[in-house]
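>>> got a predicted structure here, sequence first:
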Amino acid sequence: MTSSTTHQGFYGPVSDDIWQRAQKIKLLICDVDGVFSDGRIYLSNAGEETKAFHTRDGYGVRSLLTSGFNVAVITGRQSQIVQNRMSALGVKDIYQGIDDKFVPFESLMKKYNVSAEEVAYIGDDMVDLPVMKVVGLAVCVADGHPYVKQHCHMTTTISGGHGALRELTDLLLLSQNKFEQAHGMSI
């Protein structure tokens, strides 16, 4: 039986079910396009690709990493920009050009010796669903696909690329009493 108790997060009330799921998380896996960025891809006339990342999301990722969490990214696109951004944040597990996100998900669970229940995944579209359906905390960004939202435990109040990831990192830190001791960096 699920309790109807709610906890107060920074972005509004959080159900007891979500709070309890967040308390168990040891590994956060993130999609990139639509989560770290707003999902748009900017191409110059020369064919150069650019993306915009929010510093608040970067702060949240650094806060998790300095608080004992593991963070990984799995994305379908291949981009030096993503490699550079994730490396700057300290993310070591960077999987790019991945069609089947379940394969690196299983590898990450083995590497960090965690169960699916101890993994949170944040995404925005259909390619994320196979992993989202088995993790302990599946999160969709506010502007994610409506079908994906129906199959997640939680939807952020903030859109992808605008601090949605920070909303999740804050929840993980709050639920595990690590928020005030966390040390991020707005890079």
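It's in.
>>> could you measure Ser44 against Gly161, distance?
When CB to CB, to the nearest Å is the yardstick, Ser44 and Gly161 sit 19 Å from each other. All C-beta spots, glycine's among them, are computed from the backbone N, C-alpha and C.
>>> out of these two, which sits in the more crowded spot?
When Ser44 is set against Gly161 and neighbours are counted by other CB atoms under 10 Å, the residue ahead is Gly161, at 24 against 8.
>>> ok, now how distant is the nearest residue to that one once chain neighbours are set aside from Tyr11?
Closest residue in space to Gly161, ignoring its immediate chain neighbours: Asp38 at 3.2 Å, by CB to CB, 6 or more residues apart in numbering. According to CB to CB, Asp38 stands 18 Å off from Tyr11.
>>> those two: which has the busier surroundings?
Asp38 (20 against 16).
>>> Ala142 and Gly161 touch, don't they?
No: taking CB atoms under 8 Å as the definition, Ala142 is not a contact partner of Gly161, at 10.7 Å.
>>> let me see the contact set for Met132.
Contacts here follow CB atoms under 8 Å, 6 or more residues apart in numbering; on that basis Met132 touches 121, 123, 138, 140, 148, 151-152.
>>> with the residues you listed in mind, which one is nearest to Leu173?
Tyr121 (17.2 Å; CB to CB).
>>> A strand includes that closest one, no?
Yes: residue state for Tyr121 (DSSP: H, G, I helix; E, B strand; the rest coil) corresponds to a strand.
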